[in-house]
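A.B. asks: let's see this in three dimensions:
(chains A and B)
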Amino acid sequence: MPSPYRFSLNHHTWQFASLAELMAKATPLRSGDQLAGLAAVSAEERVIAQMTLADLPLTEFLNTPLLPYEADDVTRLIIDSHDALAFAPIKHLSVGEFREWLLSDDTSSADLAKARAGITPEMAAAVSKIMRNQDLILVAKKCQVTTAFRNTIGLPNRLSTRLQPNHPTDDLNGIAASILDGLMYGSGDAVIGINPATDNVRQATRLLHMLDDIIQGYQIPTQSCVLTHVTNTLECIEQGAPVDLVFQSIGGTQATNQSFGVELSMLQEAMDAALSLKRGTVGNNVMYFETGQGSSLSANAHHGVDQQTLEARAYAVARQFNPLLVNTVVGFIGPEYLYDGKQITRAGLEDHFCGKLLGLPMGCDVCYTNHAEADQNDMDNLLTLLAAAGCTYFMGIPGADDIMLNYQTTSFHDALYARRLLGLGAAPEFKAWLERMQIMSNASEATLSTQLPIGFSRALARLPSGNRA
Amino acid sequence: MSNKPCIIPNPWQQLKQFTDARIAQGRAGVSLPTRELLAFQLAHARARDAVHTPLNSEALLLELAELARHLPLPKPVLLQSQAQDRQQYLQRPDAGRQLTEQSIQLLIQQSSPKTEAFRLAIAVVDGLSATAIHTNAIPYLQAFLPALTKQCPDWQLMPISLVEQGRVAIGDDIGTALQADLVVVLIGERPGLSSPDSMGIYLTYAPKRGCTDEQRNCISNIRPGGLSYADATSKLGYLLTQAKQLGLSGVNLKERADETRLESSRTDNFLAVPNHNAVQQ
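C.D. replies: As a prediction, the model looks like this:
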């Protein structure tokens, strides 16, 4: 029987053996799909695949799961949570028409929000494959996603940052030094989040108490997170630690999540535990997820599906748990999956678009490693494009150099560049705090004060070398 | 034109004593001063160069042989992954995870018939920074191996493997060929701008091809400016004995090496507000 995925052009018929093969071959070139042996073999085949995909009805993705319903709990989650009513306005569309619907003047932000629950990750991934970078930017900008815990994240014309004060030995003064540096540059409204160098319950508890003391002590309208395994955070909660957000890395297949040591029921249990603490003041989004193209292939858990589609499937897992924050760590995984600045840029725009379309508060760790063909100029470009697309938040690290995780991301300075360039403010509660603390004299124009505010100069005075009295 | 200086310095320079992070850099407008901008570019250039530095196998093999002779241990073995060069290594992680057939055969020859004794295999692997291995592998093993033989005198130590163009999972092939119960991989981590010399240690119980990350435990950032050899030795010693006792490694083996130490629960730092009196504006 001939494949239903075929395209005729100039007396030549192109065939794709399966929906997964069609999706993979329609994907803009990246090293991870080549590594998996899934990429189109020629530039022409890639565009033919995109044309074939454009003609495919959206309903095809409901009828033909890429991974079997019986074998994969992410597929079950996607199918079982699909909302037929929300899907109704777009169910007659092909993938190509769906692109036009997304871009149409008649489709409002409210229409996109209403359709969310009817859009599956595979539909989002498929349409992204036939969209240009400018399409991804324009539609993502139209998607409005707002979440809240101690402040409100994702409002129009806002740009938040995760203050990431990592230290290679978790030295508390070292971490505190980066926190002060970040706060003084207006960073930290998305979260103050530490990747611990020593990953155990005792250390996580210690860091959680430290962050809580700082947040309460200076009355900072933000939340903390120690990015440890979900089972560790659950233990922390059981032991009475002050947990604001539950972190976990997630992927788009059951086997990927197993490789992270995660089951969906664990995420639910941890979310319930965090909610029971009632630590949010203006909202109750308590989950923080990180994702990134290539994690499934890296865990031998990709089942012949391309990395971008699997990334979008991870967002189905994320949206089940109403996260405060999600970010794609786009360039962290390395050149085997995203070879250079061009591939990292494209992937960052795709991930942000798919996440927003599916209703997630999508941020991006605009980053690269030293073995990738990329540099800080590539990061400037992606940062600018994503900020224009309304990206929810970026990472803030002193000088863009993470001395614990050994990669380069975006700096406190970089976030101020984006805020000033595009007139974006921090989360309103945090912005008010920056002005109250006299860290920013004019937060609307990202104008920093030149003096150290009194609260922080007292902290410095407590240092032995600061005792000049 | 005004003569006002364009660089606005940050008055918290003294915090640099606590971290190598690029704090208190100052600013021109909201951007980096020129000196800091170029310092970053230089560090990136050096890290890029570090990725491509080859492993000095000859010298390392001699040093490992010297170490083995003193303990005593069987002679070390030099092995190759299926990645033929750095270029292929960077683009084909699957090749870096598996030994060549020749290396597997070599290991099988070096192995001894399996007995009742608990077997530990140790591999030293270049990973993404041969510089990290050049700096840390020998001094770390000089601290770790005597401690191990004292702590676990009945364990059987297999010959140490030195691997070129290898990734973490290459330990699975090594463990299998040596019929080891546990494999410990010392590997060069991704070079960071401030730490091109950082070594990681991965531990896998019952190693075999296809093991995933959830089955491994990791100790990271071992280098002169990071986690000390002594601390890494006590952590690894704890993990090894726990792994043997529980018969597993990975996420189900929570690392509690620190938890026996009382001082690790302290949260003192300069930013903490004394007596929890919130700062009022």
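A.B. asks: beyond the helix or strand containing residue A:312, next helix or strand please.
C.D. replies: Using DSSP states H and E, residue A:312 sits in helix A:307-319. The helix or strand immediately downstream of helix A:307-319 is strand A:325-328, counting by DSSP H and E.
A.B. asks: direction included, what does that following strand pair against?
C.D. replies: Each strand paired with strand A:325-328, and its direction, by DSSP bridges: strand A:287-291 (parallel), strand A:362-364 (parallel).
A.B. asks: residues in contact with that strand?
C.D. replies: A:147, A:153, A:162, A:190-191, A:245, A:288-293, A:311, A:315, A:318, A:347-348, A:351-352, A:355, A:360-365, A:392-393, A:395 (C-beta atoms under 8 Å, 6 or more residues apart in numbering or on different chains). All C-beta atoms are positioned from the backbone trio N, CA, C, and that covers glycine.
A.B. asks: could I get the pLDDT score of the residue in the stretch 201-350 of chain A that chain B sits nearest to?
C.D. replies: Across the stretch 201-350 of chain A, the shortest distance to chain B (C-beta to the nearest C-beta) belongs to residue A:217, at 3.3 Å. As predicted, residue A:217 sits at a pLDDT of 95.
A.B. asks: chain neighbours aside, what residue packs nearest to it?
C.D. replies: residue B:273 (3.3 Å; C-beta to C-beta, 6 or more residues apart in numbering or on different chains).
A.B. asks: residue B:230 versus residue A:132, what's the distance?
C.D. replies: 56 Å (C-beta to C-beta, to the nearest Å).
A.B. asks: cool, and residue A:152?
C.D. replies: Distance from residue A:152 to residue B:230, by C-beta to C-beta: 47 Å.
A.B. asks: among these two, which residue is more densely surrounded?
C.D. replies: Neighbour count, other C-beta atoms under 10 Å in any protein chain shown: between residue A:152 and residue B:230, residue A:152 has more, with 19 against 12.
A.B. asks: strands of the stretch 1-150 of chain A, start to end?
C.D. replies: A:5-9, A:12-16, A:147-148 (DSSP state E, counting those that start in this stretch).
A.B. asks: packing partners for the first one?
C.D. replies: Yep, that's strand A:5-9 we're talking about. For strand A:5-9, the packing partners by 3 or more C-beta pairs under 8 Å, 6 or more residues apart in numbering or on different chains; DSSP states H and E come out as strand A:12-16, helix A:19-25, helix A:43-55.
A.B. asks: please apply the same query to the second one.
C.D. replies: Packing partners of strand A:12-16 (3+ C-beta pairs under 8 Å, 6+ apart): strand A:5-9, helix A:43-55.
A.B. asks: what of the last one?
C.D. replies: Identification of packing neighbours for strand A:147-148 by 3+ C-beta pairs under 8 Å, 6+ apart yields no helix or strand.
A.B. asks: need the residues of the stretch 51-200 of chain B near chain A, please.
C.D. replies: Proximity of the stretch 51-200 of chain B to chain A, by C-beta under 8 Å from any C-beta of the partner chain, involves residues B:51, B:90-94, B:128, B:189-195, B:198.
A.B. asks: just the buried members of these?
C.D. replies: B:51, B:90-94, B:128, B:189-195, B:198 (16 or more other C-beta atoms under 10 Å in any protein chain shown).
A.B. asks: tell me which two of those sit farthest apart.
C.D. replies: B:94 and B:194 (30.5 Å; C-beta to C-beta).
A.B. asks: does chain B have contacts with stretch A:259-266?
C.D. replies: Yes. Residues of stretch A:259-266 contacting chain B under C-beta under 8 Å from any C-beta: A:259-261.
A.B. asks: what does stretch A:373-386 give?
C.D. replies: Yes. Using C-beta under 8 Å from any C-beta, stretch A:373-386 comes into contact with chain B via A:375-376.
A.B. asks: in the sheet, who's paired with residue A:327?
C.D. replies: According to DSSP bridges, beta-bridge pairing links residue A:327 with residue A:290, residue A:363.
A.B. asks: contacts only, for the residue of the stretch 1-150 of chain B found nearest chain A.
C.D. replies: For the stretch 1-150 of chain B, the residue closest to chain A is residue B:22, as judged by C-beta to the nearest C-beta, at 2.5 Å. When contacts are counted by C-beta under 8 Å, 6+ apart, residue B:22 touches A:398-401, A:411, B:36, B:40.
A.B. asks: which other helices and strands contact the lowest-mean-pLDDT helix or strand in chain B?
C.D. replies: One helix or strand of chain B scores below all others by mean pLDDT, DSSP states H and E: helix B:86-91, with a mean of 89. Where contact means 3+ C-beta pairs under 8 Å, 6+ apart, helix B:86-91 is packed against helix B:93-96.
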